[in-house]
Each structure stands twice: as structure tokens, then as C-alpha cells.
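>>> what shape does this take:
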Amino acid sequence: MTNKNSERRILLGRVVGAFGVRGEIKLESWTEPRSAIFKYQPWILRSPAGVETELSGARGRDTGKHLIATFPGVDDRDVVEAMRGTEISVARSALPPPRPDEFYWVDLEGMDVFTTTGVALGTVSHLFSTGANDVLVVRGDRERMIPWVRPDFVVDVDFDASRITVDWDPEF
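All right, here's what the predicted structure looks like:
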């Protein structure tokens, strides 16, 4: 395996179990659409025990109910069951650049967050989706959850300055 530790990784999904008896694998994918996970390879597989391997050539299909994959050299249900819980990541460089006004969450993590009046709120810890909108979790003197609604709350994202400007009451 090549050393990808120096590059940021994007978690795309995980192995959830076996499908059938011939080594097919049920995957959970966090890509949109979920079958897009197969576009981004090579994968970095991290077992629940922390063992990492690199995998190229995974193929799959979306059955509607499940995302089913085949991995080169894996043709046994027991091998697949032993892989349950394995995380699937890719190097950030394997992803295409985002379209204008789109962002990869991982690129926002660690950025400084300031109000429109210049008050520092902290840094982006992570983001999560509520279904209605995404939420920016900012940790500073306390944790704040700011709806990722542009331009109402998120006014500007400046990657060069590693700074996000928000229209947010620092007391809230």
C-alpha cells in the first residue's frame, strides 16, 4: 500500500455485510448518488482493528434496496463477513473539484469562523445534515450550531484566509 497518511482522506462508506454466498459485499455509501462510490478509487480500506489496505478495481451495482460490490480476489462469504465494519476512504485528491458554490465538508473543517462584525466564534469541528439543511458545528468558547444556509447565515467562505464569515449573534 502506498502511504496516503500525509494526505487528507474522505470517508465514503463502509462494509455492512455479505450478500449471497459468492463473496458479494453489501456496502453503505455516503456519496450522492450512492453508486458514485465506485467512481472514486483507489479505496483505502480500514478494518475495525485499524489495519489499512489499498484496493483498486471494486465494482458494484445498486439493487434499489442495497449497494452490492465485488472486490478483486474476494469470493468467499466468510472473508466478507470478516470485513464487516471496514471503512472505505479515498484520498482527497481522488475527488473532482467541487462546482462553484459547492464545498466538500472536509475542506471546511478546521476553518476559522467569524461574525460579520469580526467576532471570532471558533473553528469548524464538523458538519452534519438535518435533511432540511446542513449544520456547521463551530467550537470556540462554546459549541455553536449554525445552519449552512447561504447567504442568510453563511455569508462568505474564503479558503485563502481559511475563514468563514457568518451572520450570527455571538451570544446565541
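
>>> in the sheet, who's paired with the residue nearest in space to the middle of the chain?
Closest to where the C-alpha atoms of the chain average out (CA atoms, centre = their mean) is Leu11, at 4.2 Å. Per DSSP bridges, the residues bridged to Leu11 are Ser89.

>>> residue contacts, it?
By CB atoms under 8 Å, 6 or more residues apart in numbering, Leu11 lies in contact with Trp30, Glu87, Ile88, Ser89. Every residue, glycine included, has its C-beta placed from N, CA and C.

>>> and the first one, how many neighbours does it have?
Around Trp30 sit 14 other residues, with neighbours defined as other CB atoms under 10 Å.

>>> distance check, it against Gly131.
14 Å (CB to CB, to the nearest Å).

>>> which helix or strand in this structure has the lowest average pLDDT?
helix 105-108 (a mean of 90; mean pLDDT, DSSP states H and E).

>>> after that one, which helix or strand is next? Please name it.
strand 112-115 (DSSP states H and E).

>>> partner strands of that next one, with direction?
strand 120-129 (antiparallel), strand 163-166 (parallel).

>>> and for it, what's in contact with it?
In contact with strand 112-115 (CB under 8 Å, 6+ apart) are residues 120-124, 136, 138, 140, 146, 162-170.

>>> try it again with 6 Å
Applying CB atoms under 6 Å, 6 or more residues apart in numbering, the contact partners of strand 112-115 are Ala120, Leu121, Gly122, Thr123, Val138, Ser162, Arg163, Ile164, Thr165, Trp168, Pro170.

>>> in a helix, Val79, correct?
Yes. Looking at Val79 with DSSP: H, G, I helix; E, B strand; the rest coil, it is inside a helix.

>>> how's this structure carved up into domains?
Domain segmentation of the chain under the TED database yields 8-92, 105-166.

>>> tell me the pLDDT at the residue nearest to the centre of the chain?
Listed pLDDT for Leu11 reads 91.
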